[in-house]
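**Student:** I would like to see how this sequence folds:
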Amino acid sequence: MKSNAIKKGIERTPHRALLYATGIPKSEMNKPFIGVATSFTDIIPGHTGMRDLERFIEKGIHAGGGYPFFFGIPGICDGIAMGHRGMHYSLPSRELIADMVETIAEAHQLDGLLLLTNCDKITPGMLMAAARVNVPSIVVTAGPMYSGKLKGKRLSLVNDTFEAVGKYKKGLLSQSEISELEMCACPGPGSCQGMYTANTMACVTESLGMSLPGCATSMAVSSKKRRIAFESGSRVVELVKNNVTPRKIMSLKAFENAIRIDMALGGSTNTVLHIPAIAHDAGVDLPLDLFDTISSKTPHIADMLPGGRHYLEDLEFAGGIPAVLKRFTSDLNNSLTVSGMKIHDIAGKALIADPEVIRPLNKAHRKEGGIAVLRGSLAPDGAVIKQTAVSKNMLKFRGKAKVFNSEEAGMKAILSGEITSGDVVIIRYEGPKGGPGMREMLSPTSAIAGMGLANSVALITDGRFSGGTRGPCVGHVSPEAMEGGPIAIVQDGDVISIDIKKRKLDLLLSKIEVEDRLKTHKPVKPKITKGWLARYASAVTSASTGAIMKS
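**Tutor:** Purely as a prediction, here's the structure:
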C-alpha cells in the first residue's frame, strides 16, 4: 500500500505516533488509508447536504475494510459569484482545487481517494487531481435540486430568476412577483435544476466511468443518494485492493463516451474547458475539434433546461444516465468504470422509463448534439456555442457590432435599452488572461433573453457562459483579446456573421483592414495586477486548450 510510506518501519515511529494522536485504533493501521475530499460548505446549496452524505461514505469505507480521513476543499457557487468581482475567481478555483487534492494526497501518501463534490469547477478540479495523483479514486456528486414551485408552475434558478431581471426592466414583472420568485425558485439542497454546468459535469463524470451508475441524477435529498454514497465508500476500498487507478478508466475511449453523452443531453459549453483539462492531467490528447466531430454524429435526445423543458428530476425518473447510455450502446466504447462493470453492461441493465424525456435516436429533437465549434476570421483558434439552445431562425445571423471591454459595460448597455434587434453584442477582455479568470456571462445573456431579444440579438465573448445560457451566444473566442486576437480589433458598426450549420464565425472586413488594425492595436492594461489572479493570468493558457495552467 502507498500509505506504508508513512506507517511501516522503525523509522516511521514518529509518524505512527502522530497518526495515533488522531484516534485511529491500532487494529485499523494496516487497512488502506482513504482520503475523503469533501467540498461541504454552508454557502452553496449544492453542498449544504454533504454532511449527511459524509456519514454514509464513512460507513461504506469502514464496511469495505478501509479507514477514512476527511479533508476540506473550497467551493464557489457560480450563481452567487455571478455578475461582480467574485466571478473572476470561479474558473481559477478549479486549479486550486486540483492542486489542493494533489497536495493532501501526496503529502500523506493516501492509498485511495473518494471525492465528494457537486458544483461547476469543483467536480472538474477533483477529476483533474484524480488523474494527476492516479491512486484509486471514485467521485460522488451530491445530486441535483428539485424544481421550485409557484402557483402550480415549476421553477428553476436560471430561467426564473436570472431572466426575471430582464423581464422586470422590460416591465413584464413587478417587484412583488420578483420577490415571490426568489423565495420559491430554489427549494432546498442540490445543484441547480437544469442541465447547467454542475449537473452536466455530474453526467460527464458518470459517463466517463468515475462515478457509480445512477450517481449523476439521483436527487440530493434522496435515500438513493445515501446508498450510492455508502456503496462508493465500500467500492473505493476494492479499487485500492485491485489497483484500479483513474488512468485505467479515463482513457481516450472513455472521454469519447463522456463527450457523446454530453452532446446528447445538450450540456453546458463549459465542458469544452473542463474535459480537455481533465484529459491533460490523465495524459490523453484531446483536441477541441473532437467535440464538434462527435456532436455532428450524436442526436440530441433529451430536451433539458435551459433551452428545453425538462428538469434533472425528469431525467432521473426517466432512467438517468444508464438509460441515456442504453440509447447509444452501439456508438459507445465498452470502457471500464469504477463500478467494475463496463459501459455496455450498465447500458444493458438500464430501463428507459420515459421515452419522451429520453427519446429514441430516430425521434431526436435535433440530428446533432449540443455543442458546435465555430472558426473563422473572428475566431481562428475556435469558439463554442450551445446550438441546441438556439432557435432555428438564429442559426444563421448577421448583425452590427456593439463593443464593450467588460461584462459590466455590456450589462449596463443591455439594461439601459441600448441594445436593439439586429445587434451583435461583443464583450471582450474577459478571457482566461484578460478577465482574468474567464467570467461567465449569465447576467447579460439572461437579461437579453428576459427582455425578449434572444431571437434577434447575438452575444459574442472571449469569456464564457453559464450552463444556463440560451440563445445565440458564442463564447471562448480564441485567441482572446488580451492575446491580440481578432476580437480585440472589432469596432462599433462592424458586421459580424454567424453560421452555425457551416461552423463559421467571421468579422466581415477585408484582410488588409484586419492587418492594418492589428498593427496599430494596443491591448488594454490588465484589470488585476496583484494576488492570486495576477499569477493565474500569467500562467493560464487559451480557452481552446482548456484554460489549463502552464507547468
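**Student:** just the strands in the stretch 251-400 of the chain please.
**Tutor:** Remark: strands assigned in the stretch 251-400 of the chain by DSSP state E, counting those that start in this stretch are 371-376, 379-386, 396-404.
**Student:** how about JSON lines for those, with mean neighbour count added?
**Tutor:** Yep, even glycine has a C-beta here, placed from its N, CA and C like the rest. What follows is the strands of the stretch 251-400 of the chain, written out as JSON lines (neighbours: other Cβ atoms under 10 Å):
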{"stretch": "strand 371-376", "mean neighbour count": "22"}
{"stretch": "strand 379-386", "mean neighbour count": "25"}
{"stretch": "strand 396-404", "mean neighbour count": "18"}
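**Student:** between those, which one is nearest to residue 145?
**Tutor:** strand 379-386 (20.9 Å; Cβ to Cβ).
**Student:** how far away is residue 31 from residue 4?
**Tutor:** Distance, residue 31 to residue 4, using Cβ to Cβ, to the nearest Å: 12 Å.
**Student:** re the thing from before, now tabulate the strands of the stretch 251-400 of the chain in TSV and tack on distance to residue 72 and mean pLDDT.
**Tutor:** Putting those into TSV (distance: least, Cβ to Cβ, whole Å; pLDDT from 0 to 100) gives the following:
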stretch	distance to residue 72	mean pLDDT
strand 371-376	33	97
strand 379-386	33	98
strand 396-404	38	98
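**Student:** let me have those in JSON lines, extended by distance to residue 301.
**Tutor:** Below are the strands of the stretch 251-400 of the chain laid out as JSON lines (distance: least, Cβ to Cβ, whole Å):
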{"stretch": "strand 371-376", "distance to residue 301": "15"}
{"stretch": "strand 379-386", "distance to residue 301": "16"}
{"stretch": "strand 396-404", "distance to residue 301": "24"}
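**Student:** out of those strands, which gets nearest to residue 335?
**Tutor:** Per Cβ to Cβ, nearest to residue 335 of the strands of the stretch 251-400 of the chain: strand 371-376, 21.4 Å.
**Student:** and the angle from the closest one to strand 379-386?
**Tutor:** Strand 371-376 and strand 379-386 meet at an angle of 150 degrees, taking axes from the mean of the first three to the mean of the last three Cα atoms, to 10 degrees as the criterion.
**Student:** pull out the CA atoms of strand 371-376 and give them to me as PDB.
**Tutor:** The C-alpha trace of strand 371-376 is given here as PDB (Å, rounded to 0.1, in the frame of the first residue of the first chain):
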ATOM      1  CA  ILE A 371     -22.200  22.000 -28.900                       C
ATOM      2  CA  ALA A 372     -20.800  23.400 -32.100                       C
ATOM      3  CA  VAL A 373     -17.200  24.600 -32.600                       C
ATOM      4  CA  LEU A 374     -17.100  27.700 -34.800                       C
ATOM      5  CA  ARG A 375     -14.000  29.000 -36.600                       C
ATOM      6  CA  GLY A 376     -13.300  31.900 -38.900                       C
END
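**Student:** gap between it and the chain center?
**Tutor:** 19 Å (Cα atoms, centre = their mean, to the nearest Å).
**Student:** could you do stretch 540-551 as well?
**Tutor:** Distance of stretch 540-551 from the chain centroid (Cα atoms, centre = their mean) equals 16 Å.
**Student:** before we move on, what about stretch 10-26?
**Tutor:** That offset, for stretch 10-26, works out to 40 Å (Cα atoms, centre = their mean).
**Student:** list the buried residues for it?
**Tutor:** 15-16, 19, 24 (16 or more other Cβ atoms under 10 Å).
**Student:** check stretch 420-436 too.
**Tutor:** 423-436.
**Student:** and what of stretch 484-504?
**Tutor:** 485-490, 494, 496-498, 500, 503-504.
**Student:** which of the residues you listed fall in strands?
**Tutor:** Among the buried residues of stretch 484-504, DSSP state E puts 496-498, 504 in strands.
**Student:** residue 62: which of those is nearest?
**Tutor:** The closest of those, once distances to residue 62 are taken by Cβ to Cβ, is residue 498, at 55.4 Å.
**Student:** residue contacts, the closest one?
**Tutor:** Residues near residue 498 by Cβ atoms under 8 Å, 6 or more residues apart in numbering: 374, 396-398, 424, 458, 460, 472, 474, 504-505.
**Student:** export the buried residues of stretch 484-504 to CSV and tack on pLDDT?
**Tutor:** Below are the buried residues of stretch 484-504 laid out as CSV (pLDDT from 0 to 100):
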residue, pLDDT
485, 97
486, 97
487, 98
488, 98
489, 98
490, 98
494, 98
496, 98
497, 98
498, 98
500, 97
503, 98
504, 98
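**Student:** list just the nearest of those residues to residue 454.
**Tutor:** Out of the buried residues of stretch 484-504, the member with the shortest distance to residue 454 (by Cβ to Cβ) is residue 498, at 13.9 Å.
**Student:** show me what that closest one bridges to in the sheet.
**Tutor:** residue 397, residue 505 (DSSP bridges).
**Student:** so how far is residue 394 from it?
**Tutor:** Residue 498 is 8 Å from residue 394, by Cβ to Cβ.
**Student:** what do you get for residue 224?
**Tutor:** For residue 224, the distance to residue 394 (Cβ to Cβ) stands at 39 Å.
**Student:** equivalent analysis for residue 287, please.
**Tutor:** Distance from residue 287 to residue 394, by Cβ to Cβ: 28 Å.
**Student:** these two: who's more crowded?
**Tutor:** Neighbour count, other Cβ atoms under 10 Å: between residue 287 and residue 394, residue 394 has more, with 17 against 14.
**Student:** which one is residue 290 nearest to, not counting chain neighbours?
**Tutor:** Spatially, and ignoring its direct neighbours in sequence, residue 290 is nearest to residue 259 (6.7 Å; Cβ to Cβ, 6 or more residues apart in numbering).
**Student:** my read is that that neighbour contacts residue 292, right?
**Tutor:** No. Counting by Cβ atoms under 8 Å, residue 259 does not reach residue 292; the two are 10.1 Å apart.
**Student:** the more surrounded of those two?
**Tutor:** Neighbour count, other Cβ under 10 Å: between residue 259 and residue 292, residue 259 has more, with 26 against 22.
**Student:** just to revisit the earlier point, per-residue pLDDT, the residue nearest to residue 290?
**Tutor:** For residue 259, the model assigns a pLDDT of 98.
**Student:** quick one, what contacts it?
**Tutor:** By Cβ under 8 Å, 6+ apart, the neighbours of residue 259 are 271, 275, 290-291, 294-295.
**Student:** how many neighbours does residue 29 have?
**Tutor:** 15.
**Student:** could you give the angle of the strand or helix carrying residue 477 to strand 495-499?
**Tutor:** If you go by DSSP states H and E, residue 477 is part of strand 473-478. Orientation check (the same axes, to 10 degrees): strand 473-478 against strand 495-499 gives 100 degrees.
**Student:** distance of residue 511 relative to residue 378?
**Tutor:** Residue 511 is 13 Å from residue 378, by Cβ to Cβ.
**Student:** ok, these two, which is more surrounded?
**Tutor:** For residue 511 and residue 378, the more surrounded residue by other Cβ under 10 Å is residue 378, and the numbers stand at 28 against 8.
**Student:** ok, and the closest non-adjacent residue to that one?
**Tutor:** Closest to residue 378 by Cβ to Cβ, 6+ apart is residue 507, at 4.4 Å.
**Student:** ok, that neighbour to residue 400 distance?
**Tutor:** 12 Å.
**Student:** one step back: out of the strands of the stretch 251-400 of the chain, which comes closest to residue 206?
**Tutor:** The nearest among those, by Cβ to Cβ, is strand 371-376 at 18.6 Å.
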